[in-house]
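S.K.: sequence isn't available, so here's the structure alone:
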């Protein structure tokens, strides 16, 4: 009885995550305001600013867009995995990935988006190299390489794990060999 009551309580407590998801999506408005600032800066400075400045503003806009997409992927995926499933097949026009992202895929999407954001930041830094000292530039490069290597290692370890599980499943299905 007590076990069932505790399990029911824990199962219902997953809804306590809903306010976090709402806050994450409301945080998208802050990103949108900053993106609007970048756009206004680009439009108002047309013809009066350098090409590098326009490129930097566009890179900032891309960075904010990637961050917003990351927030949505994380929010929807966590909602699906912890609170309530979202069957994409029942909704016309919904992305096919909805209802199908597990934690491994979520982590990989998260890491690859972070690598993309880091690459954009690094490109912004490279455009202003004369303003940076060598130590700061090395830090930016080291941080980006760390993200790239960790993403690669995660993807590799995931692939090895999946291969091992597939081999184990195949050997379990075929049973022992030679009557052993």
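M.R.: Perfect, I can see it now. From a predicted model like this one, the values you see are computed outputs, not experimental measurements.
S.K.: how far off centre is the lengthiest helix in the chain?
M.R.: What stands out as the longest helix in the chain, according to DSSP state H, is helix 134-174. In terms of Cα atoms, centre = their mean, to the nearest Å, the centre of helix 134-174 is found 15 Å from the chain centre.
S.K.: what do you get for stretch 43-60?
M.R.: With Cα atoms, centre = their mean, you get 27 Å for stretch 43-60.
S.K.: what does that stretch contact?
M.R.: Contact with stretch 43-60 is made by 38, 41-42, 120, 123-124, 127-128, as judged by Cβ atoms under 8 Å, 6 or more residues apart in numbering. Using the backbone N, CA and C atoms, a C-beta is placed for each residue, glycine as well.
S.K.: residues contacting the residue nearest in space to the middle of the chain?
M.R.: Centroid-nearest residue in the chain: residue 110, 2.4 Å away (criterion: Cα atoms, centre = their mean). Residue 110 sits next to 70, 73-74 when contact means Cβ under 8 Å, 6+ apart.
S.K.: gap between the nearest residue to residue 155 once chain neighbours are set aside and residue 59?
M.R.: In this structure, residue 155 finds its nearest non-sequential neighbour in residue 108, 6.1 Å apart by Cβ to Cβ, 6 or more residues apart in numbering. For residue 108, the distance to residue 59 (Cβ to Cβ, to the nearest Å) stands at 24 Å.
S.K.: which ones are touching residue 21?
M.R.: 75, 78-79, 83.
S.K.: closest to residue 7 among these?
M.R.: Using Cβ to Cβ, residue 83 is the member of the contacts of residue 21 that lies nearest residue 7, at 16.3 Å.
S.K.: burial measure for the closest residue to that closest one other than its chain neighbours, as a count.
M.R.: Distances taken as Cβ to Cβ, 6+ apart put residue 14 closest to residue 83, at 5.2 Å, once the chain neighbours are dropped. When neighbours are counted by other Cβ atoms under 10 Å, residue 14 registers 13.
S.K.: pretty sure residue 14 contacts residue 80?
M.R.: No - counting by Cβ atoms under 8 Å, residue 80 is not a contact partner of residue 14; they are 11.6 Å apart.
S.K.: what is the end-to-end distance of stretch 121-132?
M.R.: One end of stretch 121-132 sits 14 Å from the other (Cα to Cα, to the nearest Å).
S.K.: could you do stretch 121-135 as well?
M.R.: Stretch 121-135: ends 16 Å apart by Cα to Cα.
S.K.: what does stretch 128-135 give?
M.R.: End-to-end for stretch 128-135, by Cα to Cα: 14 Å.
S.K.: for the residue lying closest to residue 68 once chain neighbours are set aside, give me its contacts.
M.R.: If the residues on either side of it in the chain are set aside, residue 68 comes closest to residue 31, at 4.9 Å by Cβ to Cβ, 6+ apart. With contact set as Cβ under 8 Å, 6+ apart, residue 31 has these partners: 64, 67-68, 71.
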